[in-house]
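>>> Okay, predicted coordinates and the sequence, questions at the end:
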Amino acid sequence: MEDFGALIGQVQALTDELRRHKYLDLIDGRQIVFREGRARLAGPTAIQVGDETITGRAVLIATGARTALPPVPGLADGPYLTNETLYRLSVPPAHLIVLGGGYIGLENAQAFARLGSRVTVLELLPQILPQEDPDVAEALTTYLQAEGIDVQTEARVVEVAWQEGGVAVTYERNGATHRLEGSHLLVATGRRGNTDDLGLEALGIATDRQGFLQVDETLRTAVPTVLGAGDVIGNPPFVYTAAYEGQLAAENALMNRHEVRDYSALPWVVFTDPQVAGVGLSEREAQAAGLEYETSVLPLSEVPRALVGRDTRGFIKLLRDPVTDRLLGARIVAPEGGELVMELSLALRYEIPVPELARRFHPYLTWSEAIKLAALGFTKDVRQLSCCAI
C-alpha cells in the first residue's frame, strides 16, 4: 500500500486528538490537580510521586494493562509487536504472523490483511474467540479465511527465532512440527495488569497470576481505602466499563457507599467485519450454569436489510428462558452487529419478554428489524412470513 505511512499518521493524529480533547483538555476548570511521574503507594491514603507525598481520603489505582508475553523461547529477544507498536510501522508487513485468536488479534489481523499484508493467525485453543460458542467462532473463521487470512487453531508455538528482515515461528499442530516465516510478529495472547512496583505488597494488597489487581464487588482491595478500576483489575477490558468502574469506585470511596458492579446486561462488540456482538449468556455459559433455555437462530439471509445490502454474512442467536419468556442472552454475527446489541441489552436489563420484542414496531429495511424477526423465530418459521408480518 503506497500511502500506508500517511494512513498510519492519520490514525496517530486522531488518537492524539481524542486523547487531548476527551481527557487532558477536560482537566482545565475542574478541581483536578495533575502530576506527571512514577507513583507508588506510600500508605492506605497516600502516594509518593518523586519527592512529593500526596495524601487524600482514598487512592484509586487505574494503571491499565499491557500485552502479556507468553513464555516462548526466543520471543522476548526480538522486535515483536503489540497492538500499540503495530501502529507505529512506516511500511505494511509483508507477512504478519499473529499470536492469539482473541479480539485484539483478529481485529488487527483483518485490518492488515485489508491493507495488503499476508496474515497468519496462530491460536493455541481449538477455536478463535475461545470463550464464545462454536457456531460464532466457526462463522467468523469462514469469513476471515475467505479474505485470505490463514487461521491455524490448536497451534502451540514452541520457539521464535529472529533473523535478518523477519522472524521464524516454530509450532506444533496435529502431531506435526511446522516452521513459519514472516516479516513481523504481533503478540496478542492476552493482557497483564500494570501493577509492578506500585508498593502493593507493603500494604498486603494482592494481584493474581496475570498481575491484575484483586478487588471485591465494590472495587475495594484488601485495604478499603485503596480501590481499583479499569483494565488493571482484569475483565471486562473495555473503555466504557473502565469509565463506569472509575465513577463507581470514586463514589464508593468518597461517599462511603458499597454499591456493587453489575455487568449482567453488558453489551460488547468485536470490531471485525462482520462484527461479533453479544450480551448476557452464551449457550456455552447457559449449559455450564445448568440452565434450561431455548434458542432462535436467524440467518441474515432472512433479513431484508441484509438482502438489499447484498451482504448476508452472519446470524442472530437469541436465548430465552422457556418458562418466563425472558431473554437470557444473545450473540450476533453481522456487518453492523454492534448497532443491534443495545436493544437486547435493554431487554435483558429490564426483563422485557421476548414476545414483547416481537410485537414492537421495527421499521422496515432497518437492521433493527432483524431483532424482531429473531424474536418471532421462537414460535414461527420466519421463512414463511410475508413482509413486515407478525
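Structure received.

>>> Run through this structure and note the low-pLDDT ranges.
1-2, 388-390 (pLDDT under 70).

>>> Specify the residue ranges that define each domain of it.
Following automatic domain parsing, the chain resolves into domains at 75-189, 268-384.

>>> In the stretch 151-300 of the chain, what residue spans correspond to strands?
156-163, 166-173, 176-182, 184-187, 191-193, 226-228, 268-270, 275-280, 294-299 (DSSP state E, counting those that start in this stretch).

>>> Ok, which of those strands comes nearest Thr120?
Checking the strands of the stretch 151-300 of the chain against Thr120 by C-beta to C-beta gives strand 176-182 as the closest, at 6.3 Å. The C-beta positions use only the backbone N, C-alpha and C, and glycine is treated the same way.

>>> what angle do that closest one and strand 166-173 make?
Angle, strand 176-182 to strand 166-173, by axes from the mean of the first three to the mean of the last three C-alpha atoms, to 10 degrees: 160 degrees.

>>> Summarise which helices and strands strand 176-182 is packed against.
strand 95-99, strand 118-122, strand 166-173 (3 or more C-beta pairs under 8 Å, 6 or more residues apart in numbering; DSSP states H and E).

>>> Turn those into CSV, columns for mean neighbour count and distance to Leu18.
Putting the helices and strands packed on strand 176-182 into CSV (neighbours: other C-beta atoms under 10 Å; distance: least, C-beta to C-beta, whole Å) gives the following:
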stretch, mean neighbour count, distance to Leu18
strand 95-99, 26, 25
strand 118-122, 23, 27
strand 166-173, 18, 32
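
>>> Redo those as CSV? Include distance to Leu86.
As requested, the helices and strands packed on strand 176-182 are exported to CSV (distance: least, C-beta to C-beta, whole Å):
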stretch, distance to Leu86
strand 95-99, 8
strand 118-122, 12
strand 166-173, 14
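
>>> Quick check: which of those is nearest to Arg88?
strand 95-99 (14.2 Å).

>>> how about the closest one as CSV, C-alpha atoms only?
The C-alpha atoms that make up strand 95-99 are tabulated as CSV, following Å, rounded to 0.1, in the frame of the first residue of the first chain:
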residue,chain,number,x,y,z
HIS,A,95,3.7,-11.3,6.2
LEU,A,96,2.2,-10.6,9.6
ILE,A,97,2.1,-13.5,12.0
VAL,A,98,-0.4,-13.1,14.8
LEU,A,99,-0.1,-15.0,18.0
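
>>> returning to that earlier point: go through the helices and strands packed on strand 176-182 and name the closest to Ala330.
strand 118-122 (25.9 Å).

>>> tell me the angle the next helix or strand after the closest one makes with strand 118-122.
Moving toward the C-terminus from strand 118-122, the next helix or strand (DSSP states H and E) is helix 134-146. Per the same axes, to 10 degrees, the angle that helix 134-146 makes with strand 118-122 is 150 degrees.

>>> Give me the contact list for helix 134-146.
106, 109-110, 121, 127-130, 151, 153, 272-274, 276, 282, 297, 313-315, 317, 331, 333 (C-beta atoms under 8 Å, 6 or more residues apart in numbering).

>>> Next, the buried residues of it.
Neighbour counts using 16 or more other C-beta atoms under 10 Å place 135-137, 139-141, 143-144 of helix 134-146 among the buried residues.

>>> would JSON lines of those residues with distance to Ser345 be doable?
JSON lines is the format used below for these (distance: C-beta to C-beta, whole Å):
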{"residue": "Asp135", "distance to Ser345": "21"}
{"residue": "Val136", "distance to Ser345": "17"}
{"residue": "Ala137", "distance to Ser345": "22"}
{"residue": "Ala139", "distance to Ser345": "21"}
{"residue": "Leu140", "distance to Ser345": "21"}
{"residue": "Thr141", "distance to Ser345": "26"}
{"residue": "Tyr143", "distance to Ser345": "24"}
{"residue": "Leu144", "distance to Ser345": "26"}
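
>>> ok, back up a step: which among the contacts of helix 134-146 count as buried?
Counted by 16+ other C-beta under 10 Å, the contacts of helix 134-146 give 106, 109-110, 121, 127-129, 151, 153, 272-274, 276, 282, 313-315, 317, 331, 333 as buried.

>>> any chance of the domains of the chain in JSON lines, plus distance to Arg40?
Shown next, in JSON lines, are the domains of the chain (distance: least, C-beta to C-beta, whole Å):
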{"stretch": "domain 75-189", "distance to Arg40": "24"}
{"stretch": "domain 268-384", "distance to Arg40": "33"}
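
>>> And the ones you listed: which comes nearest Gly228?
Among the domains of the chain, the nearest to Gly228 by C-beta to C-beta is domain 268-384 (20.5 Å).
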